[in-house]
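>>> this is a predicted model, with the sequence first.
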Amino acid sequence: MFPQQLDDTRAFDIARTMLDGFNRHYQLLREASAGAKARFELADWHGQQRAQRERIEFYPRRVEETVERLRGEFAAGALPRAVWQQVKLHYIGLLTGHHQPELAESFFNSVTTKILLRDYFHNDFIFVRPAVSTEYIESDEPGARPTFRAWYPSRETLREALAQLVDSFALEGDWADLQRDLDAVLAATEVAIGPGRLRTNFQIQALSSLFFRNKGAYVVGRIINGYHDLPFALPILHDEAGRLTIDAALFGEDDLQRLFSFARAYFMVDMEVPSAYVQFLRALMPRKPRSELYSALGLHKQGKTLFYRDFQSHLRHSSDHFRIAPGIKGMVMLVFDLPSYPYVFKVIKDRFPAQKDTTREQVKGKYLLVKQHDRVGRMADTLEFSNVAFPRARFSEALIEEIRREAPSQLEISDRDGDGQEEVILKHVYIERRMVPLNIYLQEATPEQLEHAVIEYGQAIKELVAANIFPGDMLWKNFGVVRNNKVVFYDYDEIEYITDCHFRRVPAPRNEEDEMSGEIWYSVGPKDVFPETFGPFLLGHRGVREVFMRHHADLLDPAFWQAHQARIRAGHVHDVFPYDPERRFPHHRRPVEPTVPTVPTVPVPTD
């Protein structure tokens, strides 16, 4: 229940302090994103990677700063509930005219839950649903860029409009051959639209900021041709000589979905009004949840907020029960799911088998590493939550017993509202997109699907290796198949940087006794890896072995791994193409790292 009047003088000052904390956070975030342009122009790839890693920590640091200030200046933890209700109302008033109200509401929730601990469950204290609309927000600051720019060319002036579009981003640096690239974009655009289909009310719209990730900058927009919208993206890269070049022209929702995949690192984008960017992107990719778009834009906390709201809505409109997830049980993670929901929930177990020499904090560190790293389209993004409440009635007894047995420290069952409706509260949970485990997929695959999946598996490992990631546990069950038949890695408790590993050949037996022994006769260090030993664990199936050895036998050779180590240590940053290399303009094509065969797409079970 809200207070009838705002009569506590502390409430406004607390609300103002919280909004100041958010504004500082978003200012620093924008500065980091704006700096991506200069780093791209200078080809400072290591600086770009460093900035992307550091940006992940911006949000929790600003939350902690604000919490400490509120505790120190207002003794915030001891304030009565009525004051916090007034704080929320003042905060809503302060968001009038704000350009990032939805992000500021999430920041308020983060700070409030840190201070009030379990009291945050009371909806009067937090923004369970948005209080301020994000519709039609536009920056009114002098000299501010609009969300998107528009051009209205005819067939005769289309090339000129494309040149103006590229020029509007004012990239510093020499172009290898911009006129050649514009000719290629023009030809690809005319093919995508179709011969003779250009309308008199033709329009090109492009978001005003470039999207930076890895070694690329992306123009994102849409072509409006009569009643038809055609999404597009233009990747801008540096060639071998360091000159700028447009690498390809991507068209259609499927191409954009791949570019914004949940298995890729977050973009760096300078946005005054992020909700306007999300609204524009939703028009290009209507099947993409808003939560994933916010995350893709580097606003992963807002992505979590929207995900959780969608999840609560799903619970209200479904009736099935959470269950132990199908498949082989993991030694580190307890995994459960809801059959009607396309995500899985992962809880770190309290105890691990002897062969898993790790701790809870080390496992959490591995997941943070993945969050901060370039996922190259091969590692699933995860959402990390604390103190997540689920309806007890939706949990099967078998699942409750499994949690009590494997992770009792993470489980609490309570009736917090005293209404007889018990809840399961899990203290720490990772939530991840559900995939078809690769070992299950291979069991049910046709010969063509099996060949494609094995090739994809090897390609996934090679792309991870190029990104300085050793998966650790390379068993098939730790990889999943997603739409478009892509294989993605999702089990992170044993990953290491390639540069931290010691790849060795198996020593030759010293004598006949060594040769006949079933035990290892040579010393093994904690970071030693013997690629020659992968085969017995991975290649028991004859059909799998034949395909693997034909396409990826080099993964069993220590020299392959050592060569990549040397390149990474020498400062090389690999190229990542979030599109088929065949989509590159012919004058840009060169061997791609790592080189693997291209195979036809075959159907894959959906979520």
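It's in.
>>> please pull out the lowest mean pLDDT helix or strand from the chain.
helix 512-516 (a mean of 68; mean pLDDT, DSSP states H and E).
>>> can you name the next helix or strand after that helix?
As assigned by DSSP states H and E, the chain's next helix or strand after helix 512-516 is strand 528-529.
>>> and that next one, what's its mean pLDDT?
Averaging pLDDT along strand 528-529 yields 92.
>>> so what strands line up beside it?
strand 502-503 (parallel) (DSSP bridges).
>>> starting at the chain centroid, how far to the partner strand?
Here strand 502-503 is found 29 Å from its chain centre; the criterion is C-alpha atoms, centre = their mean, to the nearest Å.
>>> do the same with stretch 48-64
For stretch 48-64, the distance to the chain centre is 15 Å (C-alpha atoms, centre = their mean).
>>> likewise for stretch 444-464?
Counting by C-alpha atoms, centre = their mean, stretch 444-464 comes out at 22 Å from the chain centroid.
>>> okay, now the domains of the chain?
9-125, 148-311, 318-434, 437-588 (automatic domain parsing).
>>> and the last one, how far out from the chain's middle?
So the one you mean is domain 437-588. Using C-alpha atoms, centre = their mean, the offset of domain 437-588 from its chain centre is 22 Å.
>>> same check on stretch 79-87?
Per C-alpha atoms, centre = their mean, the centroid offset for stretch 79-87 relative to its chain is 36 Å.
>>> how far away is the residue sitting furthest away from the middle of the chain from W521?
Distance from the C-alpha centroid of the chain, by C-alpha atoms, centre = their mean, peaks at E512 (51.5 Å). E512 is 12 Å from W521, where distance means C-beta to C-beta, to the nearest Å. Where C-beta positions appear, they are placed from N, C-alpha and C, glycine not excepted.
>>> picking that back up, ok, which of the domains of the chain comes nearest E135?
domain 148-311 (8.1 Å; C-beta to C-beta).
>>> end to end, how far does that closest one reach?
In domain 148-311, first residue to last residue: 31 Å (C-alpha to C-alpha, to the nearest Å).
>>> run through who's touching the helix or strand containing L399.
Element membership for L399 (DSSP H and E) is helix 397-406. Applying C-beta atoms under 8 Å, 6 or more residues apart in numbering, the contact partners of helix 397-406 are 321-324, 334, 336, 347, 349-351, 410-411, 413, 424, 426.
>>> report the buried residues of it.
L399, E402, I403, E406 (16 or more other C-beta atoms under 10 Å).
>>> in a markdown table, list those residues along with distance to T96.
Shown next, in a markdown table, are the buried residues of helix 397-406 (distance: C-beta to C-beta, whole Å):
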| residue | distance to T96 |
| --- | --- |
| L399 | 45 |
| E402 | 49 |
| I403 | 44 |
| E406 | 49 |
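>>> where are the low-confidence patches of the stretch 451-600 of the chain?
For the stretch 451-600 of the chain, applying pLDDT under 70 flags the ranges 514-518, 589-600.
>>> and if you look at the stretch 301-450 of the chain?
In the stretch 301-450 of the chain (pLDDT under 70), the answer is 417-418.
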